[in-house]
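Asker: Predicted model and sequence follow; I will ask about them next.
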Amino acid sequence: MAWDVLTDEQREIRELVRTLARERVAPRAAEIDESHEFPWDIVELFREHEIFGLLFDEEHGGSGTGTLLALVAIEEVSKVCATSGLLLAVQELGSLGLKLAGSQAQKEAYLPRLASGEWLPAYALTEAGSGSDSAAMRTTAVRDGDEYVLNGSKRFITNAGVANLYTVFAKTDPDGGHAGISAFLVESDAPGFAVARLEPKMGISGSTTGELTFDDCRIPAANLLGEEGEGFKIAMRILDRSRPGVAAQALGIAQGATDYALEYAKTRETMGKPIAQHQLIQAKLADMETETEAARGLLYRFGQMCDAGIDGAELTKASAQAKLKCGDVAMWVATEAVQILGGYGYIKEYPVERFMRDAKITQIYEGTQEVQRLVIAREMLRESRAFLLAGVG
Ligand SMILES: Cc1cc2nc3c(=O)[nH]c(=O)nc-3n(C[C@H](O)[C@H](O)[C@H](O)COP(=O)(O)OP(=O)(O)OC[C@H]3O[C@@H](n4cnc5c(N)ncnc54)[C@H](O)[C@@H]3O)c2cc1C
């Protein structure tokens, strides 16, 4: 058996997810991509096999098996279908506000339903005029007795229209900059809440991406997450822990594309031999495998750090590094896989063109690659490496 960082128990669970992915998800992947329909059957499959539970602790109905294994599960599913992998990543993204800042009562009310997959969540930070610059958001929330009244809109929200619970960020103090933002839990049947439209996309076609509107939307004051003014901090802490979910999706795409290209190269013949025997193709395969393994190293390190209880600046940097590396590797590897298949790589009969379209989003959402670099550099600038200069000069 190949060397592995996972324990025996983790390996067993990975095997279960891998088998489900290969036998039940893979045969649906092309159809999901072509139909652009949200894959409720895959949600049902994950519910039945308690796959959503891998993202939650035992206290709230999950398996309590930790972050590393959750990332491995997203990777395994994304090897065959990035839209289905995203179902898991967003279950985490949309639940993290509760996990990190929820009161006991809020956790008890919602986390078990999210752990079973009965409810799907969403995370609503982005607006038409504020993506990378999230503090520029314009949605407002005003306290009115026992309620908050929300007005504004959110754009590009994954799981729009299928989620039961939205973590929504809004300004409680419009002049307060970062400190004027608060976080709220909004149920999908809240009065004044609506999904205005869904966006057609380049990839991850089965996932819904939509616009949310809040028109005097009233929610109980008890649905404030944390304290007023803590929203920006909560949003960033969530992203520290959710970005690796995107990295895992990207890693799965990279490995899936590599595996497919390898098998194809063994059977496609040119100039009297399988293309896998041409050294230029071998070089591509070797680089794809090596880059993917390097990306995996950064991602699994993040999972191990989380499971060891590490938090703060060190985790922020590790998270951004994993997202940056895995996203870039996925895009590059998927493009190389298309090249290895030649003309066949470009047509829809083969999955690598889907991998290539799906890979692109991993360089954009949950913070673009440029934003990841800003985060990594910011953390580097805080670190002291003065000893390196000791012998210089
Ligand atoms: C399919 C999809 C799903 C999404 N899901 C969600 C979701 O569930 N929840 C949610 O809240 N959002 C979601 N988003 C939004 C996504 O996170 C944003 O699109 C992303 O953060 C970029 O924001 P923007 O599109 O406004 O681009 P902009 O912020 O306008 O950036 C445009 C370009 O400028 C670069 N740039 C911006 N600022 C800087 C800077 N300071 N230095 C250098 N370069 C910079 C960016 O990297 C990018 O290349 C989703 C988007 C898509 C497409």
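Answerer: Arrived safely, thanks for sending. Numbers count the residues shown, from 1 in each chain.

Asker: check contacts around the residue in the stretch 101-250 of the chain positioned nearest to the ligand.
Answerer: As assessed by CB to the nearest ligand atom, the ligand sits closest to residue 131 within the stretch 101-250 of the chain, at 1.8 Å. In this view, the C-beta of every residue, glycine as well, is placed from N, C-alpha and C. By CB atoms under 8 Å, 6 or more residues apart in numbering, residue 131 lies in contact with residue 156.

Asker: The one 3 residues further on now?
Answerer: By CB under 8 Å, 6+ apart, residue 134 lies in contact with 125, 126, 169, 232, 235.

Asker: so which of those comes closest to residue 137?
Answerer: Taking CB to CB as the measure, residue 137 lies nearest residue 169 of these, at 6.4 Å.

Asker: In this structure that closest one contacts residue 186, no?
Answerer: No. Assessed by CB atoms under 8 Å, residue 169 is found out of contact with residue 186, at 10.6 Å.

Asker: what do these two both touch?
Answerer: By CB under 8 Å, 6+ apart, the residues touching both residue 169 and residue 186 are residue 124.

Asker: Okay, and the residue nearest to residue 363 when sequence neighbours are not counted sits in which element?
Answerer: Excluding its sequence neighbours, the residue lying closest to residue 363 (CB to CB, 6 or more residues apart in numbering) is residue 327, at 4.4 Å. Per DSSP states H and E: residue 327 is located in helix 313-341.

Asker: buried residues in that helix?
Answerer: Using 16 or more other CB atoms under 10 Å as the test for burial, helix 313-341 gives 315-338, 340-341.

Asker: same question, stretch 267-285
Answerer: 275, 276, 281, 284, 285.

Asker: What pLDDT is listed against the fourth one?
Answerer: The confidence metric pLDDT takes the value 98 at residue 284.

Asker: Could you list which residues are in contact with it?
Answerer: Contact analysis of residue 284 by CB under 8 Å, 6+ apart lists 261, 336, 339, 340.

Asker: Also compute the angle for the strand or helix carrying it relative to helix 313-341, please.
Answerer: Per DSSP H and E, residue 284 falls inside helix 279-307. Relative orientation of helix 279-307 versus helix 313-341 (axes from the mean of the first three to the mean of the last three CA atoms, to 10 degrees): 160 degrees.

Asker: Pull out the buried positions in helix 279-307.
Answerer: Buried-residue list, helix 279-307, by 16+ other CB under 10 Å: 281, 284-285, 288-289, 291-292, 295-296, 298-303, 305-306.

Asker: distance between that helix and the chain's centre?
Answerer: Distance of helix 279-307 from its chain centroid, counting by CA atoms, centre = their mean, to the nearest Å, is 18 Å.

Asker: about what we covered before: near the ligand, which of the buried residues of helix 313-341 show up?
Answerer: Checking the buried residues of helix 313-341 against the ligand by CB under 6 Å from any ligand atom, not one of them is in range.

Asker: ok, which residues in the chain are in contact with the ligand?
Answerer: So far as CB under 6 Å from any ligand atom goes, the chain lies against the ligand at 122-126, 131-132, 156-158, 201, 209, 361, 364-368, 370-371.

Asker: buried subset of those?
Answerer: Buried by 16+ other CB under 10 Å: 122-126, 131, 156-158, 201, 209, 361, 365-368, 371, out of the residues of the chain next to the ligand.

Asker: Of those residues, which belong to helices?
Answerer: Residues of those located in helices (DSSP state H): 361, 371.

Asker: what about the helices in the stretch 1-150 of the chain?
Answerer: Counting by DSSP state H, counting those that start in this stretch, the segments of the stretch 1-150 of the chain that form helices are 8-20, 26-35, 40-48, 67-78, 82-93, 96-101, 104-116.

Asker: would you turn those into a markdown table with mean neighbour count, mean pLDDT and distance to residue 250?
Answerer: What follows is the helices of the stretch 1-150 of the chain, written out as a markdown table (neighbours: other CB atoms under 10 Å; pLDDT from 0 to 100; distance: least, CB to CB, whole Å):
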| stretch | mean neighbour count | mean pLDDT | distance to residue 250 |
| --- | --- | --- | --- |
| helix 8-20 | 15 | 97 | 17 |
| helix 26-35 | 17 | 98 | 16 |
| helix 40-48 | 16 | 98 | 19 |
| helix 67-78 | 28 | 98 | 8 |
| helix 82-93 | 28 | 98 | 9 |
| helix 96-101 | 22 | 98 | 19 |
| helix 104-116 | 17 | 98 | 24 |
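
Asker: Just send the ones you listed back as CSV, with distance to residue 179 too.
Answerer: Converted to CSV, the helices of the stretch 1-150 of the chain look like this (distance: least, CB to CB, whole Å):
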stretch, distance to residue 179
helix 8-20, 41
helix 26-35, 42
helix 40-48, 37
helix 67-78, 29
helix 82-93, 23
helix 96-101, 15
helix 104-116, 22
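
Asker: out of those helices, nearest to residue 385?
Answerer: The closest of the helices of the stretch 1-150 of the chain to residue 385 is helix 67-78. By CB to CB, the value is 28.3 Å.

Asker: Next, the angle from the closest one to helix 82-93.
Answerer: Going by the same axes, to 10 degrees, helix 67-78 makes 150 degrees with helix 82-93.

Asker: same for helix 67-78, what does it pack against?
Answerer: Packing partners of helix 67-78 (3 or more CB pairs under 8 Å, 6 or more residues apart in numbering; DSSP states H and E): helix 8-20, helix 82-93, helix 231-267, helix 279-307.

Asker: Tabulate the CA atom coordinates of that helix in PDB.
Answerer: Extracted in PDB, the C-alpha atoms of helix 67-78 (Å, rounded to 0.1, in the frame of the first residue of the first chain):
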ATOM      1  CA  THR A  67     -11.100  18.600   9.300                       C
ATOM      2  CA  LEU A  68      -8.500  16.600   7.500                       C
ATOM      3  CA  LEU A  69     -11.000  13.800   6.700                       C
ATOM      4  CA  ALA A  70     -13.600  16.400   5.700                       C
ATOM      5  CA  LEU A  71     -11.200  17.800   3.200                       C
ATOM      6  CA  VAL A  72     -10.300  14.300   1.900                       C
ATOM      7  CA  ALA A  73     -14.000  13.600   1.400                       C
ATOM      8  CA  ILE A  74     -14.500  16.800  -0.700                       C
ATOM      9  CA  GLU A  75     -11.400  15.900  -2.700                       C
ATOM     10  CA  GLU A  76     -12.600  12.400  -3.400                       C
ATOM     11  CA  VAL A  77     -16.000  13.600  -4.700                       C
ATOM     12  CA  SER A  78     -14.500  16.400  -6.700                       C
END
